[in-house]
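Visitor: Okay, predicted coordinates and the sequence, questions at the end:
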Amino acid sequence: MEAFENFIGFNPWTALFTLLNLILTFLILKKYLFKPVNKMIDDRQKEIDDIFADAEDARQKAETMRADYDRKLSEAKDASAQIIAEATQEAHRRRDDILVHAQTDAEAIRNKARAEIELERKKAINGVKDDISRIALDIAEKVVEKELDGADHDRLVEDFLREMGDQV
């Protein structure tokens with residue numbers, strides 16, 4: 001077997017020593033290298049998980065804030081529509097009030113104008129009656145060729161006016 005060992009180059013003591021050396025190296029690496037590396041990997045994984053959790057919280061807060069913003073925007077739109085509707089109603093009411101007031105004023109002006117026209121017409125009729133009665137008296141004086149006293153003058157005017165009033 002020695003020839004086999006020399007040919008292959010196998011020495012059991014060297015193999016045993018190499019195996020023990022490998023086990024010892026593995027245990028040392030496990031204690032001083034693998035545990036710290038695993039701890040570092042676990043810490044890094046925890047850090048990454050925390051970052052993802054914080055990102056998820058931030059996303060949820062952003063969604064909540066967006067929903068709140070959308071709700072407030074909707075409320076603001078509703079409020080503005082309400083304000084516009086109320087302003088429109090107020091404008092229509094004021095327009096109607098102004099129209100009613102304008103119609104009332106116009107009617108009052110028309111009535112006043114009618115009254116003034118009627119008064120002016122009566123004044124004109126009375127003026128014409130006075131002119132006609134003076135002319136009639138002047139003609140009557142010339143026809144009678146005498147001067148009338150005050151009582152005759154008043155009586156003739158009243159008679160003439162009464163006749164004129166019946167005709168008009």
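Guide: Good, I have the coordinates.

Visitor: Quick check: mean pLDDT of the helix or strand containing residue 69?
Guide: Using DSSP states H and E, residue 69 sits in helix 35-144. Here helix 35-144 scores 90 as its mean pLDDT.

Visitor: Now do that helix: which elements does it pack against?
Guide: Where contact means 3 or more CB pairs under 8 Å, 6 or more residues apart in numbering; DSSP states H and E, helix 35-144 is packed against helix 150-167. To be clear about C-beta, it is placed using only N, CA and C from the backbone, and glycine gets the same treatment.

Visitor: Centre of the chain to the helix it packs on, how far?
Guide: Relative to the chain's own centre, helix 150-167 is displaced by 76 Å; criterion: CA atoms, centre = their mean, to the nearest Å.

Visitor: Now do that helix: which elements does it pack against?
Guide: helix 35-144.

Visitor: Measure how the helix it packs on sits relative to helix 150-167, angle-wise.
Guide: Here the directions of helix 35-144 and helix 150-167 differ by 130 degrees (axes from the mean of the first three to the mean of the last three CA atoms, to 10 degrees).

Visitor: Distance from the chain centre to helix 35-144, please.
Guide: For helix 35-144, the distance to the chain centre is 11 Å (CA atoms, centre = their mean).

Visitor: quick one: pLDDT of residue 8?
Guide: Note for residue 8: predicted pLDDT of 67.

Visitor: Repeat that for the one 4 residues further on.
Guide: Residue 12 carries a pLDDT value of 78.

Visitor: And for it, the neighbour number?
Guide: 8 (other CB atoms under 10 Å).

Visitor: Tell me how far it lies from residue 18.
Guide: In this view, residue 12 and residue 18 are 10 Å apart by CB to CB, to the nearest Å.

Visitor: again with residue 132
Guide: Residue 132 is 162 Å from residue 18, where distance means CB to CB.

Visitor: Same check on residue 65?
Guide: Distance, residue 65 to residue 18, by CB to CB: 66 Å.

Visitor: and what of residue 104?
Guide: 123 Å.

Visitor: Check residue 82 too.
Guide: Distance of residue 82 to residue 18, computed by CB to CB: 90 Å.
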